[in-house]
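**Q** Give me coordinates for this.
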Amino acid sequence: MTESLNQSLLKLALDIAKTTSELLVNKRPENMAYESKSTPVDLVTEMDKKAEEHIVQRVREVRPNDSFLGEEGTAKPVNNPSNVRWIIDPIDGTVNYFYNHPYWAISIGIEVDGEIQVGVVAAPLLHEVYYAVKNEGAYLEHDGKKIKLKTNSGAKLDKALVATGFGYDPERRKKQGAALAEMVVIARDTRRAGAAAIDLCYVAAGRLDAYYEFGLYPWDFAAGSLIVTEAGGRVGGLNGEKLGGDWSLAANADLFDVLNFEVNRLKDKYF
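**A** Model prediction:
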């Protein structure tokens with residue numbers, strides 16, 4: 001049987017995630033060079049750039065006409081692009097990586113004809129790889145075991161563990177902090193760990209019930225959003241908008257509309 005395009009892309013993405021993980025873990029310098037981008041908390045390290053260059057090189061060895069959308073923008077455009085685009089964050093959770101905190105990941109989402117078909121999120125220091133192919137389910141590989149992912153159920157926010165993230169602009173962070181101060185009272189509890197791709201995968205795995213954030217980029221959610229939906233959850237912007245606007249929401253299917261209502265209320269109050 002001929003291997004489908006999606007399965008071929010998944011196999012390549014998993015292999016690249018593995019070699020990128022090895023690069024980031026084994027070649028991490030003790031005294032890491034870094035730059036600040038928009039603010040002092042918005043870091044890009046030398047390893048962000050090296051990892052993205054590695055991913056692009058590995059893809060182009062096999063698929064030279066594929067295009068890229070990457071956080072660091074290291075990939076040069078191709079003259080005759082294929083219908084496949086790789087949306088990559090070489091290190092989601094750069095500040096965590098810089099501090100040697102384990103909550104960071106490599107995120108690889110793959111579009112075919114403008115629609116995400118494959119998602120891979122590798123968290124090397126957690127020894128976990130999450131992945132999904134559209135219409136084929138979502139899975140976690142951990143310590144040699146393959147686990148099919150399924151979101152939690154339940155529509156009550158006061159019984160939900162909810163995660164969020166903060167942007168880099170100080171004024172935005174004040175608003176996000178004020179909103180979180182209310183959410184922590186409404187929800188069972190809240191988490192803010194610093195890597196959107198892993199947060200999304202945790203929703204898919206039932207380790208979180210919901211996640212929301214203001215100001216994500218496509219490379220933050222491309223892979224994780226597919227993993228959530230393939231695990232039975234819902235993703236989107238506010239009020240039926242698609243991902244890619246100001247707000248990104250993810251939750252189990254029962255809870256999504258409740259989360260949407262509360263985030264709307266917080267948006268109107270603080271943003």
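**Q** just the helices in the stretch 151-271 of the chain please.
**A** Using DSSP state H, counting those that start in this stretch, the helices found in the stretch 151-271 of the chain span residues 170-186, 196-205, 218-230, 256-270.
**Q** Pick the most buried one from those.
**A** helix 196-205 (a mean of 29; mean count of other C-beta atoms under 10 Å). All C-beta atoms are positioned from the backbone trio N, CA, C, and that covers glycine.
**Q** Pull out the CA atoms of that helix and give them to me as PDB.
**A** Extracted in PDB, the C-alpha atoms of helix 196-205 (Å, rounded to 0.1, in the frame of the first residue of the first chain):
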ATOM      1  CA  ALA A 196       1.500  27.300  24.700                       C
ATOM      2  CA  ALA A 197       2.200  24.200  22.600                       C
ATOM      3  CA  ILE A 198       2.500  22.000  25.700                       C
ATOM      4  CA  ASP A 199      -0.600  23.700  27.300                       C
ATOM      5  CA  LEU A 200      -2.600  22.700  24.300                       C
ATOM      6  CA  CYS A 201      -1.300  19.100  24.400                       C
ATOM      7  CA  TYR A 202      -2.200  19.000  28.100                       C
ATOM      8  CA  VAL A 203      -5.800  19.800  27.200                       C
ATOM      9  CA  ALA A 204      -5.700  17.000  24.700                       C
ATOM     10  CA  ALA A 205      -4.300  14.600  27.300                       C
END
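**Q** Just the angle for it relative to helix 218-230, thanks.
**A** 0 degrees (axes from the mean of the first three to the mean of the last three C-alpha atoms, to 10 degrees).
**Q** What about the nearest residue to residue 83 once chain neighbours are set aside, how many residues nearby?
**A** Spatial nearest neighbour of residue 83, excluding adjacent residues (C-beta to C-beta, 6 or more residues apart in numbering): residue 113 at 5.0 Å. Using other C-beta atoms under 10 Å, residue 113 is surrounded by 8 other residues.
**Q** among the helices of the stretch 151-271 of the chain, which is nearest residue 156?
**A** Nearest to residue 156 among the helices of the stretch 151-271 of the chain is helix 256-270 (7.5 Å), distances taken as C-beta to C-beta.
**Q** List the buried residues for stretch 112-123?
**A** By 16 or more other C-beta atoms under 10 Å, the buried positions in stretch 112-123 come out as 112, 116, 117, 118, 119, 120, 121, 122, 123.
**Q** Out of those, the closest to residue 152 would be?
**A** Each of the buried residues of stretch 112-123 was scored against residue 152 by C-beta to C-beta, and residue 121 proved nearest at 18.7 Å.
**Q** Which strand residues bridge the closest one?
**A** Beta-bridge partners recorded for residue 121 (DSSP bridges): residue 107, residue 130.
**Q** Pull the number of nearby residues for residue 53.
**A** Residue 53 has 16 neighbouring residues, counting by other C-beta under 10 Å.
**Q** which regions of the chain sit below the pLDDT cut-off?
**A** 1-2, 41 (pLDDT under 70).
**Q** And the residue nearest the centre of it?
**A** With distances taken as C-alpha atoms, centre = their mean, the residue of the chain nearest its centroid is residue 197 (2.1 Å).
**Q** Now do the contacts for that residue.
**A** Contact partners of residue 197, counting by C-beta atoms under 8 Å, 6 or more residues apart in numbering, are 89, 92, 93, 105, 107, 121, 220, 221, 223, 224.
**Q** For residue 180, see how far away the residue nearest to residue 83 is.
**A** 38 Å (C-beta to C-beta, to the nearest Å).
**Q** do the same with residue 56
**A** Relative to residue 180, residue 56 is positioned 36 Å away (C-beta to C-beta).
**Q** Out of the buried residues of stretch 112-123, the closest to residue 172 would be?
**A** residue 121 (24.8 Å).
**Q** Could you pull up the contacting residues of that closest one?
**A** 92, 105-108, 129-131, 197-198, 200-201, 223-224, 227.
**Q** Scan the protein for its longest helix.
**A** Criterion DSSP state H: the longest helix present in the chain is helix 5-26.
**Q** partners of the helix or strand following that helix, with directions?
**A** Helices and strands here follow DSSP states H and E; after helix 5-26, the next one along the chain is strand 34-36. Strand pairing for strand 34-36, using DSSP bridges, gives strand 43-45 (antiparallel).
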